[in-house]
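>>> predicted structure and sequence below. I'll ask about it afterward.
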Amino acid sequence: MKYPSTQETSSLLKDSIWVSSKMYKKLRWFFVLFVLIMFLPWQQNIQAMGKVTTFLPEGRPQEIHSNIAGRVKYWKIKEGDFVKKGDTVLVLNEIKTEYLDPDLLNQTETQITAKEQSVLSYSSKVDAINNQITQLENNRNLTQGKARNKIEQEQYKFKAEQAEYNAALIAVGIAKKQLERDSILAADKLRSTLEVENRRLKFQDALAKKLGAEAKLKVGLNAVENAKIELRNIQSEYGEKLAKAESDRFSAISSQLETEAEVSKLRNSYSNYSIRNGFYIITAPQSGYVSKTQIRGINETIKEGQAVCTIVPEGARLAVELHVKPTDVPLINVGQSVNFVFDGWPTVVFSGWPKASFGTFPGVVYGIDNMIGERGEYRVLIKANDIKKKWPLQLKVGIGARGYMQLKTVPIWYELWRILNGFPADFYIPTLQKDNPKK
């Protein structure tokens, strides 16, 4: 075995030391570069998946429904056609038996005219009854006045007879006293028998007049009572007639109101029939493209409220809805910047360096739902930031999108430390962007 010489060993040792020194210098530069990279700025962000939608509900794809049940008569469009607002999409035929009459509107109008004439007839009847009631009230007042005058007349007559009766009573009293006095004088021979008989005759005559006056008084009292009874009969008679007239008037008014209600109902039916005739033609609610038809062919029966086709509106202002985890919601603010990557567009993304990314599109948060969704995430709505960069014109509703919501800028070493420890991103309230005053 041959051992290396001392000179060879010294040469190998020098070569080894030179290599080690060179490697140490490289490692030192690598370490310095690594330390510098660790202190580079890194923008924290929240990533979320979503899709393209629209600002307003009417800008989203919508189904056209039939307001009535019917049978397809013919189509005026096909899938992929562009239709303007008000263009005819589909024409239907009627299938319900109560609307099959082609002259339904004219017949309903005839019924309305007849009922209106009935209303006028009842109105005239009410006016006639009102006149009858007025005439009865006038006759009642006249008859009652006549009866009251008769009562007053009988009362005056009764008072006269009462005075006559009182005079007869006084005359009887005087005649009686004269008879008694003459009888006493006749006993003393101061009066003759003839004078006494004359006094007795006068007394009997006074009694007879008294009885006649008493009889007349009773007749007068009965006449007063009979006049009062006649007044009550008149009041009762005219009260009954007026009550019957009032009953007839209210019956006529009730019939008039019922007929007016029937007229109103017929007018309502007429309006419903007229509006229903307009439902046979289904029109486009707004301009857009027909994307899908749910009904096949013609003569197919559709139900009330059934969808017939779907229209994608034209020129709708697009937005993006992202679904964010509840832990990230407190870090999102309205007006915050967002970068998007749309499906189908080539991109190179550096999430921490948004300015170095390629193929991304800017947006601004303009709405956050206050209620969590069915998937356990919150919905965040993003609008385009046309000041920085406009979104592609080829975007369609429903295209997938990935959003990067920009947060606080931190060093790379801090971001690595945060991720390794599982800490959330730093709470950050950004300086919100203001709208362009000129715009």
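Nice, I can see it. This one's a predicted model, so the numbers in the text were calculated from it and none came from an experiment.
>>> hey, let's count contacts and neighbours off CA atoms from now on
Fine.
>>> longest strand anywhere in the chain?
strand 41-54 (DSSP state E).
>>> what packs against that one?
When contacts are defined as 3 or more CA pairs under 8 Å, 6 or more residues apart in numbering; DSSP states H and E, strand 41-54 packs onto strand 318-324, strand 400-411, helix 412-421.
>>> and these, which one averages the lowest pLDDT?
Ranked by mean pLDDT, the helices and strands packed on strand 41-54 end with helix 412-421 in last place, scoring a mean of 68.
>>> thinking again about what came up before, let's see the longest strand of the chain as PDB, backbone CA atoms only.
Extracted in PDB, the C-alpha atoms of strand 41-54 (Å, rounded to 0.1, in the frame of the first residue of the first chain):
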ATOM      1  CA  PRO A  41     -43.800  43.600   2.200                       C
ATOM      2  CA  TRP A  42     -46.700  41.100   1.800                       C
ATOM      3  CA  GLN A  43     -50.300  42.200   1.500                       C
ATOM      4  CA  GLN A  44     -52.700  40.000   3.500                       C
ATOM      5  CA  ASN A  45     -55.900  39.000   1.700                       C
ATOM      6  CA  ILE A  46     -59.000  36.900   2.000                       C
ATOM      7  CA  GLN A  47     -59.700  34.500  -0.800                       C
ATOM      8  CA  ALA A  48     -63.300  33.500  -1.600                       C
ATOM      9  CA  MET A  49     -65.100  31.700  -4.400                       C
ATOM     10  CA  GLY A  50     -68.200  33.100  -6.100                       C
ATOM     11  CA  LYS A  51     -69.800  33.800  -9.400                       C
ATOM     12  CA  VAL A  52     -70.900  36.600 -11.700                       C
ATOM     13  CA  THR A  53     -74.300  38.100 -11.000                       C
ATOM     14  CA  THR A  54     -76.100  41.400 -11.500                       C
END
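>>> that one vs strand 318-324, what angle?
Going by axes from the mean of the first three to the mean of the last three CA atoms, to 10 degrees, strand 41-54 is angled at 120 degrees with respect to strand 318-324.
>>> residues in contact with stretch 294-314?
58-75, 286-293 (CA atoms under 8 Å, 6 or more residues apart in numbering).
>>> centre of the chain to it, how far?
30 Å (CA atoms, centre = their mean, to the nearest Å).
>>> in it, what counts as buried?
For stretch 294-314, a neighbour-count test (16 or more other CA atoms under 10 Å) marks Ile302, Gln306, Ala307, Val308, Cys309, Thr310, Ile311, Val312, Pro313, Glu314 as buried.
>>> give the rounded mean pLDDT of that stretch.
Here the average pLDDT along stretch 294-314 is 86.
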